[in-house]
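[1] Give me a model of this one.
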Amino acid sequence: MQLKKMSLALATASLWWLGGGVAWAEEAPLAETQVEDTEQQNKIKARLAEIKAEEKAAAKAANGYYVERRSYGTQKETEPPRYVKQLNKTWLKDYDSFADVDWLDIGFEHRARFESRQNDFRRAQENIDDPILLRTRAYLGLKNILDPFRFAVEVQDSRRNHSDYNGFSDPRISNDPKDIDHADFIQGYLELYFKDSIFGKDDLGNSRPFWVRGGRLAWEDLDRRLIARNEWRNTTNSFQGIRANIGEKKNDWQLEAFAVQPVQRFANQLDQVDHAQKFYGLVGDWRGWSEYLTIQPYYFYLKQNGDRVQFDGNGASYNDRSVYSALRQAQAEVDREINTGGIRVFGIVPNTQWDFDASYIKQWGHVQRFIGSNVASGRYITVDHDAFAYNAEVGYTFNKHAWKPRFSGFYGVASGDHVSSGSASTDTSANQGFDRLFGFARPWSNNDYIQMNNIRATKVRAEFDPKVPFWDNVKVDTGFSWYRLDSATDRWAAGSNLVDITGRSGTDLGKEVDLRVRFPLNQYASLNLGYAHFWAGDFVKNAIKIASNNNDPTRSLSSDFFYTELTLLGF
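    Model prediction:
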C-alpha cells in the first residue's frame, strides 16, 4: 500500500514536471515572438516617422518656408492674377508655334453677377434692386526672354445694368465707380527683375530675387484689410508709382517697399492719378519660424494735400453745387498725415489642426478739421489722429474627415470717432476714427454693410469641401455675425452714413447670417451662389428716424441679399 502511494506521488510529480517543461517550452518561443513583434512594430513606427519627415522635407523643398494662412477670406490675389496662365500651359500649347513659349503670360476673364437686394441698407430708401454686374479683364505679360526687363498690362471693363440707380441724376449714385468703370487700365508697368540678386540665397538654397516696378499697379498685401484689389467688388483699386521687392514667398524673409499715389476711378472717362494723396509703405515677412508662425511687421504713411482735393470717392467734384454745398467742400478739402504701424502673426499650432491669425494696428498723426456752420465764419484747426484696430481668428480643421470641415471664431475691432461737443461742426477733440486706407470690406460682411471703421464684430464660421457626385472641388462656407458700433456718436459708414451725434441710439448695429457655395462647371467656367440676411439693431431702428439722416423712417429692419455669379476663363 505504501509502495502504491509512493508510485502515485512520483507519477504525479513526473506529470507536473513534464507539464511545466512543456509550458516552458511553449512560453520560450512565445516570448521570443513577442520580442520580434515589438521590434518589428518599432521598425514600422520608425519608418513611418522617416516617411513623414521625408514628405515634410519634400514639401519644404517645393514650397520653401511659405505656409498658407487658413483664416477666412485673407488669401491674397496672386501676381500675376489667378486667371493668368503661361502661354505654353494653355490650350494654345497644342499649336507647334506656341508649344515652347514660356516667356509670355496671357489671361482673359469675364464675370457676370446677378444680384437681388431687398431693402439694401447702403441706400437711404427701402427698395428692391436687381442689378447685373459685368466685369471683363485681359492680361498680357512678358518675362524671361528679355530679363532683367519685363512688362505687364492689365485692362478691365466694369458695368452695371438693370439697376434702379443707373439713371439717377446724382453722380454719386448713377456714376458709381464701385461698380462702373468703362474700359480702363488697372495695371501697366515696366519691371527690372533679377532672379539671382545681391541678397543671396536662404538656408534651403532658394534664390532671393529682387525686382522693381514702375507705372500703374494693383496688388494686395497682408490680410487684404488695408491694401487690396477688391476682387469681390466690380471695380479694382489701383495706384501709380514705384513698388520694389526683395525675396519671394519661398524665402525665409521678404521685404516690400512702395511709393505710390492712388488712382481716382471715373465711371465714364479715363481714370486719373489722385494728386492730392501720396501713399508710402514698408511690409516685411519673417518665415524663419513658419512651422509655428509667420510674422508680418509693416508701416504705411498717407499724406493728403487739402488744396489739391477735387473729387470724392465716387468721382463727383466737390465744386459741383448740384451735389455738394460750399460747407461740405470746405470740410472735405483738408490736410491729413496718417501713420499706420502694425504687426500680424499667423500660422498652425504644431502637431495639431488648430490655426490662428491675429493683428494689431495703431494709427497716429494729424488731420485738419473745418470748424463752423458756414464757410464765411468757419476756420480750420489741426487735431491729433489717434486710432487703432485689432482682430483675431482661431480655427480648427478636421483633416481626417472626408469633407475637411473647418470651424472658426473671429473678433475684430476698428475704432470710431468720439465726438465730445455734441456737434461735429464744433468738435475740437482728437480724431479717433480708424482710416481703412485702401482695404476691402467683404470678410467683415457678405452684405457689404461693414467697413473697417467704427465697428466691433464677432463671427463664427464653418467651411467645408463636400463630396458631390459628378463635381469636384465644391466649396461651401457659412457664418453668423454680431455687429456693434465702437462709438455711438460716429457714423455707420457703409449704412448710408447713418449717425446719431448724441449717441442716444446706442451701438447695437445688427446681426447677419450668410451662405456661399462655389463649384467649377469645367476648367474654364465656375459658379458662385450666395445669400445673406441682415437684422438691424437698435441703432438703425432709432437713427433712421433722425431727420438729418434723410433716411426712410418706415423702412423694414431686415434685408435680404441673393446673388449668382458666373466666371468664364479664356485660357
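[2] Quickly list what Arg344 is bridged to.
    Judged by DSSP bridges, the bridge partners of Arg344 are Gln296, Ser359.
[3] how about low-confidence regions in the stretch 401-550 of the chain?
    Along the stretch 401-550 of the chain, segments meeting pLDDT under 70 span 421-424.
[4] Now Ala276: closest residue in space that isn't a chain neighbour?
    Leaving aside its sequence neighbours, Ala276 sits nearest to Arg308 (C-beta to C-beta, 6 or more residues apart in numbering; 3.9 Å). Backbone N, C-alpha and C define where each C-beta goes, glycine included.
[5] Just to check, that neighbour is in contact with Gln272?
    No: using C-beta atoms under 8 Å, Arg308 is not in contact with Gln272; the gap is 12.0 Å.
[6] Between these two, tell me which one has more neighbours.
    Gln272 (14 against 11; other C-beta atoms under 10 Å).
[7] pretty sure the more buried one is touching Val263, no?
    Yes: the pair formed by Gln272 and Val263 meets the contact definition of C-beta under 8 Å, at 7.1 Å.
[8] State the distance from Arg344 to Glu126.
    39 Å (C-beta to C-beta, to the nearest Å).
[9] Among these two, which residue is more densely surrounded?
    Arg344 (22 against 16).
[10] how much space between the more buried one and Gly107?
    Separation of Arg344 from Gly107 (C-beta to C-beta) stands at 29 Å.
[11] swap in Leu327?
    From Leu327 to Gly107 the distance is 47 Å (C-beta to C-beta).
[12] more crowded one of those two?
    Counted by other C-beta under 10 Å, Leu327 and Gly107 do not tie: Gly107 has more neighbours, with 20 against 16.
[13] Can you classify the more buried one as helix, strand or coil?
    strand (DSSP: H, G, I helix; E, B strand; the rest coil).
[14] Kindly report the same for the one 4 residues further on.
    The three-state label for Arg111, taken from three-state DSSP, comes out as strand.
[15] and what of Asp203?
    Quick answer, by three-state DSSP: Asp203 is coil.
[16] nearest spatial neighbour of it, skipping sequence neighbours?
    Distance criterion C-beta to C-beta, 6+ apart; nearest residue to Asp203, sequence neighbours excluded, is Asp252 at 6.6 Å.
[17] Just give the number of residues close to that neighbour.
    The number of residues near Asp252, taken as other C-beta under 10 Å, comes to 20.
[18] how much space between it and Thr294?
    With C-beta to C-beta as the criterion, Asp252 and Thr294 are 10 Å apart.
[19] now swap in Thr235 and tell me
    31 Å.
[20] Val67 too?
    Taking C-beta to C-beta, one finds Val67 at 6 Å from Thr294.
[21] Give me the more crowded residue out of those two.
    Thr294 (23 against 20).
[22] does Tyr66 count as helix, strand or coil?
    Tyr66 - assigned by three-state DSSP - is coil.
[23] count of neighbours near it?
    So Tyr66, with other C-beta under 10 Å, has 18 neighbours.
[24] The one 4 residues further on now?
    Neighbour count for Arg70, taken as other C-beta under 10 Å: 22.
[25] list the contacts for the closest residue to Asn454 other than its chain neighbours?
    Leaving aside its sequence neighbours, Asn454 sits nearest to Gly416 (C-beta to C-beta, 6+ apart; 2.9 Å). By C-beta atoms under 8 Å, 6 or more residues apart in numbering, the contact set of Gly416 is 432-434, 453-455, 485-487, 489-490.
[26] likewise Asp271?
    Contacts of Asp271 (C-beta under 8 Å, 6+ apart): 181, 184-185, 238, 263-265.
[27] Among those, which pair sits farthest apart?
    Phe185 and Gln264 (13.3 Å; C-beta to C-beta).
[28] For Arg122, grab the count of nearby residues.
    Neighbours of Arg122 (other C-beta under 10 Å): 15.
[29] Assign the residue nearest the centre of the chain to helix, strand or coil.
    For the chain, Thr74 is the residue whose C-alpha lies nearest the centre (C-alpha atoms, centre = their mean; 3.0 Å). The three-state label for Thr74, taken from three-state DSSP, comes out as coil.
[30] likewise Arg321?
    Classified using three-state DSSP, Arg321 is coil.
[31] Likewise for Phe370?
    strand.
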